[in-house]
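# just a sequence and a predicted model for now, questions to come.
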Amino acid sequence: MNTTANHPRFLIFFICMLASAGQLAIDIYVPALPTMAQYFQTSAQAIQSSVTIYLMAYAFGQLLFGPLADAYGRKKILVLGMLMFTCGCLLTLTANNLETFILARCLQGFGIAATNLLAKAIITDSFSGMALIHAFTYMAIAWGLAPILAPVIGAHLQTAFGWRSCLTFLLIYSFVMWAVLTRYRETLKQPVHLSPKTLLKNAVMVLKSPVFQSCFLAQGLCYSILLVFNIVGPFMVQETLHKPPTYFGYLALAIGLMYFLGGISNRIHHPRLPTPEQRLRIGARVMTGAAVVMLILALTVGLEVWTLMLPVLFMAFCAGAMYPTLMAKGNSIFPHIAGLTSAILGFALLLVSSLMMGLAGFVPFHSLTPMAIFFVIVGLTVVSMVGKLLHHLETPAGAPAA
C-alpha cells in the first residue's frame, strides 16, 4: 500500500475541502427551498425532507465506508464515494419531479459520507497531540465556512440563473475535488482485517464508550442548530417576514460567520484563558441561555428579524467553539480503528441531526415560540451531555464512576 508522506499543508487543504463538501450540498440550495416547493408543487415539509433524507443517507453511508476504509485504504473509498456524489449531482440537474430529486439527494448524501468521514480518519492517521486538535479546528472552520458562503452564493445564483444553478455549483465543486484527489497519497499505515467478528467486536467497544456516547449526542445537537435554522429560516424570512431570498442569504452569512469565529477561538491559547474542557462547559451554558432569551423574546415581542437572529448568533458561536474539541475527543478514543470510529460517530451524530430536522419540519414558521422551545430543549440536553463527557474524562481509567 502506498504510504508516501503527504505535505502537512496539503493534507490540511485536502481535509478542509472534503469537510466542506457535505455542508455545501445542504446550504447552497436552502435559500431556494420556497421556490423549489412551488416548482415541484409540493409543501414546505415535503421539500424540507430532501435535506433530511440527504442527511440520513449521509449517516448510513458512513457505516459502510468506515470499515471499508480501514480495510482497503482511504483513497479507494474516497474514489467510490465521490463517484456516487458526482452521479447524484448529475441526477439532481435532470430531476423533473420531487421523487427523482429526493432519490438524487439520497445518492449525493450516501456518496458524500466518504468525504467527511475520511477527512476525520486522515487527520487521525496523520496528526497527534495538539496538532490533532489544531487539524480538527481547521476542519471545523472549513465546515463553518460552508454555511457562511453557500447561502449567499446560492441566493445570488438562484436570483440570477434559477434554482438549478445552485446544483450546477455542486457538480463543479465535485470536479475540483477529483482534481485534488489525484495528489493525495494513502495515509492508512496498517489495514484492519475485515471480518464480521472483528467488526462487531470493535463496534461494540466504540458504542460502549461513555466518551463516545456523550460526544455524538453533543455534536449532533450542536450541528442541528445550524441545520434547523437553515431549513426553517427561509420560510420564516421569506414567507412570514416577506424578505427576498438574498436577504436570508446574508442572515445565514452572519450565522455562519459567528460559527466560524467560534471555531477560530480554539486557536487562542493563554494560561489565564479557559482550557478546552472548560470552554465546553461554558459554551453549553451560554448556548442554553441564548435559547432561553429567544423564548422570552418570542413570548413578549414575537417574530422579528432581530428576535430570530440575535439568539441564534450566540448559539452559532458556541456551537463553533465546542465542535472541534468534541470532534477531536470523539474521533481519537480508538486511533487504531479511526475509520470505524469516525463512521460510527458520524452516523450517530447525523442520525441525531436528521431526527432534529425531521422534528423541525413540523415547527410552524409563522411564530418564533415553537422554534425557541425547540432550541431550549436542545441546549439543556447539550449541557447534560457535556457534563457527562467531562465527568468521564476526569475519572481515571478503571476507577469506579461516582
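All right, it came through fine.
# helices or strands up against the worst-scoring helix or strand of the chain on mean pLDDT?
Every helix and strand of the chain was ranked by mean pLDDT, DSSP states H and E. The lowest is helix 338-360, at a mean of 77. Packing contacts for helix 338-360, counted by 3 or more CB pairs under 8 Å, 6 or more residues apart in numbering; DSSP states H and E, involve helix 44-72, helix 98-126, helix 196-208, helix 210-235, helix 305-331, helix 369-394. In this view, the C-beta of every residue, glycine as well, is placed from N, C-alpha and C.
# downstream of the fourth one, the next helix or strand is which one?
Think helix 210-235. helix 245-264 (DSSP states H and E).
# give the buried residues for that following helix.
Under the neighbour-count criterion of 16 or more other CB atoms under 10 Å, helix 245-264 has 245-249, 251-253, 255-263 buried.
# return the residues in contact with the residue nearest to residue 322 when sequence neighbours are not counted.
Of all residues not flanking residue 322 in the chain, residue 283 sits nearest, at 4.3 Å (CB to CB, 6 or more residues apart in numbering). Going by CB atoms under 8 Å, 6 or more residues apart in numbering, residue 283 touches 262, 318, 319, 321, 322, 386.
# if I pick the nearest residue to the third one once chain neighbours are set aside, what's in contact with it?
Nearest residue to residue 319 in three dimensions, chain neighbours excluded: residue 222, at 4.1 Å (CB to CB, 6+ apart). Shown in contact with residue 222 (CB under 8 Å, 6+ apart): 287, 318, 319, 322, 323, 326, 382.
# widest-spaced pair of these?
By the measure CB to CB, 287 and 326 form the most distant pair in these, at 12.6 Å.
# CA atoms only: put stretch 206-220 into PDB for me.
Output in PDB follows, covering the C-alpha atoms of stretch 206-220 (Å, rounded to 0.1, in the frame of the first residue of the first chain):
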ATOM      1  CA  VAL A 206     -16.800   2.100  20.500                       C
ATOM      2  CA  LEU A 207     -20.500   2.100  21.300                       C
ATOM      3  CA  LYS A 208     -20.000   1.200  24.900                       C
ATOM      4  CA  SER A 209     -17.600   4.100  25.500                       C
ATOM      5  CA  PRO A 210     -19.300   6.800  27.600                       C
ATOM      6  CA  VAL A 211     -16.900   9.400  26.000                       C
ATOM      7  CA  PHE A 212     -18.300   8.400  22.500                       C
ATOM      8  CA  GLN A 213     -21.900   8.500  23.700                       C
ATOM      9  CA  SER A 214     -21.500  12.000  25.100                       C
ATOM     10  CA  CYS A 215     -19.600  13.300  22.100                       C
ATOM     11  CA  PHE A 216     -22.000  12.100  19.500                       C
ATOM     12  CA  LEU A 217     -25.100  13.500  21.200                       C
ATOM     13  CA  ALA A 218     -23.500  16.800  22.000                       C
ATOM     14  CA  GLN A 219     -22.000  17.100  18.400                       C
ATOM     15  CA  GLY A 220     -25.300  16.100  16.800                       C
END
